[in-house]
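S.K.: Provided below are the primary sequence and the corresponding predicted coordinates.
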Amino acid sequence: MYLLLCSFFSFYVGAVVLYRLLFHPLHTFPGPVIAALTDWYEGYFNIVKGGAFITELERLHKVYGPVIRIGPNILHFNDRHAYHDMYTHGSTLVKEPGYYLGFMSHAPQGLLSICDPQDARDRRSLLGPMFSRRAVLALESTIQNKIDQLISLIEEHYVSPHSSVKMSMAYRSVTTDIITEYCFAESANTLTPNFDHPIQIGVRELGKRVWIQRYFPFLNSLTSKAPPTLVQWLFPSFRSYVETKTGYEKQIDGLIRNPDSLSSIDHETIYHHLLNPEDQVALSRTTLVHEAFTLVGAGSDTVGNACTVGTFFALKNQMIGRKLVEELREAWPDEDKPLSYVVLEKLPYLTAFIKEALRFSVGVIHHIPRVVGGAPTEIGGHKIPPGTVVGMSSAFLHMNPDVFSDPYTFNPERWLTQDTSTMMFDFAPFSKGPRICIGLNLAWCELYLIFGNIFRKFNMTLLEAEVNERTDFHQSFKSDYISPYWHWEDYRVFVEKRI
Ligand code: HEM
């Protein structure tokens, strides 16, 4: 019996190997043999090598060319035309459920994980008004208030030659407080003097487990079904997740019990749009909790990351920092009076700087996988069979020397040239097409206000000793945990008040 089972198993494995190597519709695409056989090729780099698949992709494209087979049924491209075929014009391609329901297994009913195009359109139509430019301008003062809190904390605790600020944590604290206040009119209040609120520490730690969650989503189902106290006891690092979830549930339960209380909330929130939608079925309590997790997750680290990267390069290259400050000082002579977003966004150097920060910080560094629909589709000049999973990390788009000359140099000046249309077409920090980031208006506003205030009000100096000079994409200076993790991101700065 044992022998029979072994023979059957060997026969099965042999047949799968033969099929994947010789008969699978993707068998003519180049790539490592092991990747053609198993999805665990990518899994190995993601989990065992700590987010190193992005570096491996760079190597593979050098060896095999612009299109490579990175899994039995997955192709990765390094070709700007392919990017636009998949995302910009790719409304027929849909999100790949295995990926989204895996890494978002704590919030599968939130917008980010919705794969069906009609369902996504429905949800976007509910959330869209909350994140329109008009809505962002209407809530600008709530964003500015949080930035004022950040400025006060830095002034009170760090304007001294004896202390320094870890900017990544300062930025993540302010962006978390902004997104929670903006969405719920209830800030998470993570802006604390040491910028070490447990939510911040927890999120960064849990972020590094995103690949475990992606490949073993059932672990999340288990923890979400178990009593919260047991989860916290078994996994102390889940504490902030459990507490955050309980906080969302409390607010949502209160609103469901007493919908009239919506009118007494300080300002418009997502619940004004999501509770009792006019032309859609009411969203369940679970869906509301998942949406809250999605918006906070998508809207905090991303902006914090762009701020961390931009500040690093503005301080590393003093010329960039000087130009920023000169422009800000001229436009904003009295720093005690706030300067509005609509004025800041007209400043050419600040605008160029923010675009460069977004280009360099990439946004979402992992390729965002899409599935080819019912008919073969042309992508980057290749006929791709239905059912194939395709993708391209926007790091390859942003670091393409044919469009962004000397791409590994952080250079805001590139955006000050006459014609930036080709660069703008390939500028995709928020992705493109029907599933483009829904929070991009809010993100731009935050970036102008945060950079504007920080560089106008403080003179910052990088603690050189802590800085790893490597900023090119060919070295292992970054990790792909869906968001990028920069190995130098924990740099610290000395701060002086600018007079
Ligand atoms: C610099 C800041 C930001 C960057 C670089 C960024 C980047 C992105 C990218 C690349 C996507 C596509 C992801 C995918 O298809 O898998 C996305 C989607 C999304 N983003 Fe952002 N984002 C930023 C800020 C925000 C903010 C402030 C919010 C707050 C509301 C937000 C909410 C979302 C949501 C809900 C989605 C899913 C949209 C959908 O699937 O239809 N993002 N973002």
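M.R.: Arrived safely.
S.K.: Just the strands from the protein, written as ranges.
M.R.: 67-71, 74-77, 94-95, 165-166, 370-371, 377-379, 382-384, 389-391, 458-462, 478-481, 483-486, 492-497 (DSSP state E).
S.K.: most packed of those strands?
M.R.: strand 74-77 (a mean of 26; mean count of other Cβ atoms under 10 Å). To be clear about C-beta, it is placed using only N, CA and C from the backbone, and glycine gets the same treatment.
S.K.: if we can go back for a sec, nearest to the ligand, of the strands of the chain?
M.R.: Closest to the ligand of those is strand 94-95 (Cβ to the nearest ligand atom; 6.6 Å).
S.K.: does the ligand sit close to the closest one?
M.R.: No. Using Cβ under 6 Å from any ligand atom, strand 94-95 stays clear of the ligand, coming no nearer than 6.6 Å.
S.K.: ok, back up a step: adding mean pLDDT, write the strands of the chain out as CSV.
M.R.: Shown next, in CSV, are the strands of the chain (pLDDT from 0 to 100):
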stretch, mean pLDDT
strand 67-71, 98
strand 74-77, 98
strand 94-95, 96
strand 165-166, 96
strand 370-371, 97
strand 377-379, 94
strand 382-384, 97
strand 389-391, 98
strand 458-462, 95
strand 478-481, 88
strand 483-486, 88
strand 492-497, 94
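S.K.: Please tell me I have it right and residue 393 contacts residue 54.
M.R.: Yes. Counting by Cβ atoms under 8 Å, residue 54 is a contact partner of residue 393 at 6.4 Å.
S.K.: Quick check: the residue of the protein nearest the ligand.
M.R.: Going by Cβ to the nearest ligand atom, the ligand is nearest to residue 439 of the chain, at 2.1 Å.
S.K.: My guess is residue 454 contacts residue 310. True?
M.R.: No. When contacts are counted by Cβ under 8 Å, residue 454 is not listed as touching residue 310 (9.7 Å).
S.K.: If you count surrounding residues, which of these two has more?
M.R.: A direct count of neighbours by other Cβ atoms under 10 Å for residue 454 and residue 310 places residue 310 higher, at 28 against 25.
S.K.: hang on, the earlier thing: nearest approach to residue 210 belongs to which of the strands of the chain?
M.R.: Proximity to residue 210 (Cβ to Cβ) singles out strand 478-481 among the strands of the chain, at 5.1 Å.
S.K.: Pull up the gap between residue 298 and residue 161, please.
M.R.: Residue 298 sits 38 Å away from residue 161 when distances are taken as Cβ to Cβ, to the nearest Å.
S.K.: the more surrounded of the two?
M.R.: residue 298 (22 against 9).
S.K.: wait, what's in contact with that one?
M.R.: Contact analysis of residue 298 by Cβ atoms under 8 Å, 6 or more residues apart in numbering lists 112, 437, 439.
S.K.: Mind listing the shared neighbours of residue 393 and residue 54?
M.R.: By Cβ under 8 Å, 6+ apart, the residues touching both residue 393 and residue 54 are 365-366, 480.
S.K.: what would the residues you listed look like in a markdown table with distance to the ligand?
M.R.: Output for those, formatted as a markdown table (distance: Cβ to the nearest ligand atom, whole Å):
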| residue | distance to the ligand |
| --- | --- |
| 365 | 9 |
| 366 | 8 |
| 480 | 13 |
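S.K.: List the residues that contact residue 380.
M.R.: Residue 380 neighbours (Cβ under 8 Å, 6+ apart): 66-67, 77, 79, 81-82, 85.
S.K.: can you check residue 45 too?
M.R.: Contacts of residue 45 by Cβ under 8 Å, 6+ apart are 51-53, 55-56.
S.K.: Switch those over to a markdown table, and while doing so, append neighbour count and distance to residue 263 to every line.
M.R.: Below are those laid out as a markdown table (neighbours: other Cβ atoms under 10 Å; distance: Cβ to Cβ, whole Å):
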| residue | neighbour count | distance to residue 263 |
| --- | --- | --- |
| 51 | 24 | 45 |
| 52 | 17 | 51 |
| 53 | 26 | 49 |
| 55 | 19 | 52 |
| 56 | 19 | 53 |
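S.K.: and which of those is nearest to residue 302?
M.R.: Nearest to residue 302 among the contacts of residue 45, with distances taken as Cβ to Cβ, is residue 51, at 16.4 Å.
S.K.: I figured that closest one hits residue 485, correct?
M.R.: Yes. Between residue 51 and residue 485 there is a contact at 6.4 Å, judged by Cβ under 8 Å.
S.K.: joint contacts of the two?
M.R.: What both residue 51 and residue 485 touch, as defined by Cβ under 8 Å, 6+ apart, is the set 208, 479.
S.K.: and residue 162, how many residues sit next to it?
M.R.: For residue 162, using other Cβ under 10 Å, the count is 6.
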